[in-house]
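A.B. asks: Here is my input, please return the structure:
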Amino acid sequence: MGKGITTEINKIGGIGAHQIVGRLDASGMRFGIVVSRFNDELTSELCRSAYQCLERNGAKPSTIDVVRVPGAYEIPVVVEKLAASGNYSALIVLGVVVEGETQHAQMIIDTTGQSILDISCRHKVPVINEIVGVRTWAQAEARCLGGENTRGWYAAEAAIETARVYQQL
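C.D. replies: Next up is the predicted model:
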């Protein structure tokens with residue numbers, strides 16, 4: 001199998017199964033990170049941790065593009081353009097939406113989530129959606145601050161692994 005992919009026979013429920021498993025090897029891949037400026041003190045940390053994870057796992061800085069947009073609602077249109085370019089192994093979406101007194105936050109989470117999934121399937125490129133939706137600022141900080149323990153780090157790992165799996169399908 002290709003570089004960075006392990007195939008193995010494992011016992012799953014008592015039967016042998018051929019599995020394709022993506023490894024955390026970002027070398028030779030290109031990534032796009034689309035990050036919202038709204039709630040910048042949190043989204044910048046998500047972006048920093050995602051970028052550091054990609055680098056730690058072999059991505060060169062020249063293979064990582066970071067695009068800033070005003071808010072989470074503007075993310076899908078930019079992701080559409082990046083995905084349509086065919087230049088990326090995977091895309092990472094980062095934002096923070098904190099629930100307020102209206103249903104606006106839920107509308108943003110629902111519509112961006114569906115749009116991002118549709119883009120990923122249409123253009124056949126993994127798009128990892130980490131628009132963090134929370135009820136409180138404290139919940140947002142818990143998910144966004146802390147380096148390797150953030151949703152940004154998780155998104156980068158998921159992007160690498162999913163792109164490696166996708167290469168083999």
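
A.B. asks: Give the helix, strand or coil label for the closest residue to Ser27 other than its chain neighbours.
C.D. replies: Closest residue to Ser27 apart from its sequence neighbours, by C-beta to C-beta, 6 or more residues apart in numbering: Gly58 at 3.6 Å. Backbone N, C-alpha and C define where each C-beta goes, glycine included. With DSSP: H, G, I helix; E, B strand; the rest coil as the basis, Gly58 sits in coil.

A.B. asks: can you check Thr162 too?
C.D. replies: Per three-state DSSP, the local secondary structure of Thr162 is helix.

A.B. asks: Neighbours of it, how many?
C.D. replies: 18 (other C-beta atoms under 10 Å).

A.B. asks: Distance of the closest residue to it other than its chain neighbours relative to Ala156?
C.D. replies: In this structure, Thr162 finds its nearest non-sequential neighbour in Pro126, 4.1 Å apart by C-beta to C-beta, 6+ apart. Taking C-beta to C-beta, to the nearest Å as the measure, Pro126 falls 12 Å from Ala156.

A.B. asks: what about those two, which has more around it?
C.D. replies: More crowded of Pro126 and Ala156, by other C-beta under 10 Å: Ala156, with 33 against 23.

A.B. asks: picking up where we left off before, now do the same contact list for the residue nearest to Thr162.
C.D. replies: 89-91, 120, 159, 162-163, 166 (C-beta atoms under 8 Å, 6 or more residues apart in numbering).

A.B. asks: So which of the residues you listed belong to helices?
C.D. replies: 120, 159, 162-163, 166 (DSSP state H).

A.B. asks: Secondary structure element for Leu94, which one?
C.D. replies: strand 90-98 (DSSP states H and E).

A.B. asks: So which elements touch that strand?
C.D. replies: strand 31-36, helix 40-56, helix 75-85, helix 104-123, strand 127-134, helix 137-144, helix 151-168 (3 or more C-beta pairs under 8 Å, 6 or more residues apart in numbering; DSSP states H and E).

A.B. asks: If we use 6 Å, what do you get?
C.D. replies: strand 31-36, helix 40-56, helix 75-85, helix 104-123, strand 127-134, helix 151-168 (3 or more C-beta pairs under 6 Å, 6 or more residues apart in numbering; DSSP states H and E).

A.B. asks: who touches it?
C.D. replies: Identification of contacts with strand 90-98 by C-beta atoms under 6 Å, 6 or more residues apart in numbering yields 31-36, 39, 42-43, 46-47, 50, 72, 75, 79, 82, 105, 108-109, 116, 126-134, 140, 152, 155, 159, 163.

A.B. asks: Which strands border it, and is each parallel or antiparallel?
C.D. replies: strand 31-36 (parallel), strand 127-134 (parallel) (DSSP bridges).

A.B. asks: That concludes my questions; thank you for your assistance.
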